[in-house]
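> got a predicted structure plus its sequence, pasted below:
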Amino acid sequence: MRYAPTLDPAMNRSANTAAPATASLAAPVPALGRRPLPAWIGSLGLSAGQGALALGLLLFLALPLAAILIRSVTDSDGAWAGLSVLAGIIGGDGFMSMVARSLAVGVVTTLLVVPCAYGFAYGLTRTRLPGKGLLRTVALLPLLAPSLLPGISLVYLLGNQGLLKGLTGGATIYGFWGIVVGEAFYTFPHALMILLTGLALADGRLYDAARAMGAGPWRTFLTVTLPGTRYAVFSACCVVFTLTVTDFGVPKVVGGDYNVLAMEAYKAVVGQQNFPKGAAIGILLLLPAILTFALDRRLRARQGAQMSGRAQPYAAGPHRRRDAAFLALAGVLAAFLLLIIGVAVWASFVKMWPYNLSMSLRSYDFDNMDGGGWLAWRNSLQLAFCTALIGTAVVFTGAWMMEKVPARGQLARGLRGMVGMLALMPMAVPGLVLGLGYIFFFNSLSNPLNVLYGTMPLLVLCTVIHFYTSAHLTAATALNALDPEFEAASASLKVPRLTTFVRVTLPMCLPAALDVARYLFVSAMTTVSAVVFLYSPSTVLAAVAVLNMDDAGFIGPAAAMCTVIMASSAVAAMVLHLASRALVARSQAWRRPAAH
């Protein structure tokens, strides 16, 4: 017979046998094997955990951002300068035109990427497209690569000695359009994931009503589909624009003389050692990100209030012309993504471009060239592993304390409010700005934590903070999906909350936990903007090595390192996926119907 699992293995075994029901009722309540701890100990421990999380977010997020603000109003000697530094930078020759160029790149990339991603997502969710799984996998491949990869591929395709240089009519890829195309490759999967979520939440009743009223496909799209996904479209626009404006990887490779804000901030810190200028530009880059994040949060709250619990799933009907059109669109976009990736992989095996196109492993001899060598790859693996392990533990524990532990008392409510605000801040902070904040805060001699600067622990902490919000929202969503009766049942049995979390909550949320680990691992392997200022010769990373190799003119080895990063990320993602299936099958076997 089927039974409900409890926290006591002995009770589970007794329920699965033919023992009389009265025997289990007569069993003493303390069958859990230990005396319950006093309530004040549990409350103190939870308050300490929330306090530790709040302290960590303050130290590694809020204070570095405050350090940027302070540095932007001081001169190179540390003296108070007010807004004169920022005013001098804004009023400098060519600065406003550089701002205009950054905005132009962001707007054009958004106008190019979001419609394409919307069409791709529509084909995957609202049509009977063949090969949806393969198309989705191809569309998400750019997530496995650092942002410099599209720039390197464009150099091989359309550079001065590119394969397709003759098709450009003498035009150069270095400049505005090179940045736009490279950023389109980099931001496409981010927009696609948001739009897939928005289009998947369709109410089939609205489409039935539209058909009953005689509305055609185009009118249905304009009056039902598009209004229903407008918040997802706005979120995608915000993400694409922010990622484009704050990224310096693509402009570094194919920007040429077309200077943008992110690249200027990088040159101010690395090339000119002008830290006040870098801080001022960091503040400017932070403003549009915060504005778009605030608008996005407001619109998402309005969307949540409009959702109905009586919605019916939408099932696309057969339509040959529609499916053929979206298959052609998805095929073209997938071919573009595969072309960019394939060219980089192929170029990594070319012996000497463009004079000797024979295959060779010469570019993979990293130890005999500048950039970081195989040490950089091993460091990235270490960073990714530690980020996935520590980040997943911190994120899930923090989300559990926020979502499943009631806040009793003024102190607990205050800590919860602070942690909730700080947990959402990283989404509005570009990686480049966060990295600048870490320079000013942790590289200060007056800070006792300056011993962390240039070490692997600081790189891990910076990476966890950089990607904290997305991981936190994933964990919170999984935890909120659980029935509150689990906590109520454990409380009635005098089971400590931590025991319930370890033995019930975490196993039930295991798929989401492994998704968070996979996301953090891949993000740590590919990130460059937040850590480019924080490494030392012994902690150089693979994505930073790509940047250094490109600076030294080793574009073939740079492509090879991008290939290694992609392969490592893909293998890790596959291993975590298989581990997820195996662990879920074992830890959640009770979900399967009992054999009769």
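Received it, and whenever you're ready, just let me know what you need. Numbers count the residues shown, from 1 in each chain.
> name the nearest residue to V343, ignoring sequence neighbours.
Among residues not flanking V343 along the chain, S153 sits closest, at 4.4 Å (CB to CB, 6 or more residues apart in numbering). C-beta coordinates here come from the backbone N, C-alpha and C atoms, glycine included.
> I figured the one you found hits V345, correct?
No: counting by CB atoms under 8 Å, S153 stays clear of V345, with 9.2 Å between them.
> the residue nearest to V343 and V253, how far apart?
9 Å (CB to CB, to the nearest Å).
> try V451
34 Å.
> when the two are compared, which one has more neighbours?
More neighbours surround V253 than the other of V451 and V253, with 28 against 11 (other CB atoms under 10 Å).
> helix or strand for the more buried one, which one?
helix 249-254 (DSSP states H and E).
> who's in contact with that helix?
146-148, 150-152, 154-155, 173-175, 178-179, 182-183, 186, 258-260, 262-263, 266, 528-529, 547, 550 (CB atoms under 8 Å, 6 or more residues apart in numbering).
> what's the overlap in contacts for S153 and V345?
Joint contacts of S153 and V345 (CB under 8 Å, 6+ apart) are A559.
> how about stretch 357-375 as PDB, C-alpha atoms only?
Extracted C-alpha coordinates of stretch 357-375, given in PDB (Å, rounded to 0.1, in the frame of the first residue of the first chain):
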ATOM      1  CA  LEU A 357      45.800  26.300 -43.400                       C
ATOM      2  CA  SER A 358      46.800  22.800 -42.500                       C
ATOM      3  CA  MET A 359      45.600  21.300 -39.300                       C
ATOM      4  CA  SER A 360      47.900  21.400 -36.200                       C
ATOM      5  CA  LEU A 361      47.800  21.500 -32.400                       C
ATOM      6  CA  ARG A 362      50.300  24.300 -32.400                       C
ATOM      7  CA  SER A 363      47.800  26.800 -31.000                       C
ATOM      8  CA  TYR A 364      47.200  24.600 -28.000                       C
ATOM      9  CA  ASP A 365      50.800  24.800 -26.800                       C
ATOM     10  CA  PHE A 366      49.800  27.400 -24.300                       C
ATOM     11  CA  ASP A 367      52.800  27.100 -22.100                       C
ATOM     12  CA  ASN A 368      55.100  28.400 -24.800                       C
ATOM     13  CA  MET A 369      53.300  31.700 -25.300                       C
ATOM     14  CA  ASP A 370      52.100  34.600 -23.200                       C
ATOM     15  CA  GLY A 371      48.700  34.700 -21.700                       C
ATOM     16  CA  GLY A 372      48.600  32.300 -18.800                       C
ATOM     17  CA  GLY A 373      49.200  28.800 -20.200                       C
ATOM     18  CA  TRP A 374      47.400  25.700 -19.000                       C
ATOM     19  CA  LEU A 375      47.700  27.100 -15.500                       C
END
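> just the buried residues of that stretch, please?
Residues of stretch 357-375 classed as buried: R362, S363, Y364, F366, M369, G371, G372, G373, L375 (neighbour count, 16 or more other CB atoms under 10 Å).
> and it, what's its mean pLDDT?
For stretch 357-375, the mean per-residue pLDDT is 84.
> what of stretch 393-411?
The pLDDT scores in stretch 393-411 average 81.
> check stretch 552-568 too.
92.
> which parts of that stretch are buried?
In stretch 552-568, counting by 16+ other CB under 10 Å, buried: 554-566, 568.
> same question for stretch 342-350.
Those would be V343, A344, V345, W346, A347, S348, F349, V350, for stretch 342-350 by 16+ other CB under 10 Å.
> spell out the residue ranges of the strands in this structure.
With DSSP state E as the criterion, the chain has strands at 350-352, 356-359.
> pLDDT weak spots in this structure?
Across the chain, the ranges flagged by pLDDT under 70 are 1-46, 75-78, 201-205, 208, 296-297, 299-316, 407-409, 584, 586-596.
> ok, now which ones touch V544?
The neighbours of V544, taking CB under 8 Å, 6+ apart as the test, are G372, A376, V528, V531, V532, Y535.
> just list the residues touching the first one, thanks.
Looking back up the chat, that one is G372. Taking CB under 8 Å, 6+ apart, one finds F366, N379, V540, L541, A542, V544, A545, N548 in contact with G372.
> so the first one touches A545, yeah?
Yes: in terms of CB under 8 Å, F366 counts as a neighbour of A545; the distance is 7.5 Å.
> quickly list what's touching both of the two.
G372, G373, A376, W377, M561.
> hang on, the last one packs against F366?
Translated: M561. Yes: here M561 lies in contact with F366, judged by CB under 8 Å, at a distance of 6.9 Å.
> what residues are shared contacts of these two?
A376, W377, A545.
> how close does the second one get to L541?
Shown here: W377 relative to L541, a distance of 9 Å by CB to CB.
> over to the first one?
Here the distance between A376 and L541 works out to 6 Å (CB to CB).
> which one of those two is surrounded by more residues?
Using other CB under 10 Å as the criterion, A376 and L541 rank with L541 on top: 33 against 25.
> need phi/psi at the more buried one.
phi -110, psi 160 (degrees, to the nearest 10).
> likewise Q272?
Torsion angles, degrees, to the nearest 10, at Q272: phi -100, psi -10.
> how many residues are close by it?
Other residues close to Q272 by other CB under 10 Å number 11.
> isn't N160 up against T172?
Yes: using CB under 8 Å, N160 is in contact with T172, at 7.4 Å.
> those two: who's more crowded?
Each of N160 and T172 has its neighbours counted (other CB under 10 Å); T172 has more, 15 against 10.
> contacts only, for G49.
T397, M401.
> is it true that N259 touches M98?
Yes: N259 is in contact with M98 according to CB under 8 Å; the separation is 5.5 Å.
> now stretch 526-546: how far from the chain's centre is it?
18 Å (CA atoms, centre = their mean, to the nearest Å).
> for L226, which non-adjacent residue is spatially closest?
V233 (7.9 Å).
> that neighbour - how many residues pack around it?
18.
> isn't it right up against G198?
Yes: if you go by CB under 8 Å, V233 and G198 touch, sitting 7.3 Å apart.
> what about the closest residue to R322 other than its chain neighbours, how many residues close to it?
Spatially, and ignoring its direct neighbours in sequence, R322 is nearest to T127 (5.9 Å; CB to CB, 6+ apart). For T127, the neighbour count with other CB under 10 Å is 20.
> can you give me the distance of T127 to G317?
T127 is 10 Å from G317, by CB to CB.
> still on that earlier bit, can you list residues touching both of S153 and V253?
Common neighbours of S153 and V253, using CB under 8 Å, 6+ apart, do not exist here.
> tell me which stretches of the stretch 401-550 of the chain form helices.
410-424, 431-442, 456-466, 468-480, 485-492, 497-500, 506-508, 510-526, 542-551 (DSSP state H, counting those that start in this stretch).
> now those as JSON lines including distance to L112?
Shown next, in JSON lines, are those (distance: least, CB to CB, whole Å):
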{"stretch": "helix 410-424", "distance to L112": "29"}
{"stretch": "helix 431-442", "distance to L112": "22"}
{"stretch": "helix 456-466", "distance to L112": "26"}
{"stretch": "helix 468-480", "distance to L112": "24"}
{"stretch": "helix 485-492", "distance to L112": "47"}
{"stretch": "helix 497-500", "distance to L112": "49"}
{"stretch": "helix 506-508", "distance to L112": "42"}
{"stretch": "helix 510-526", "distance to L112": "22"}
{"stretch": "helix 542-551", "distance to L112": "25"}
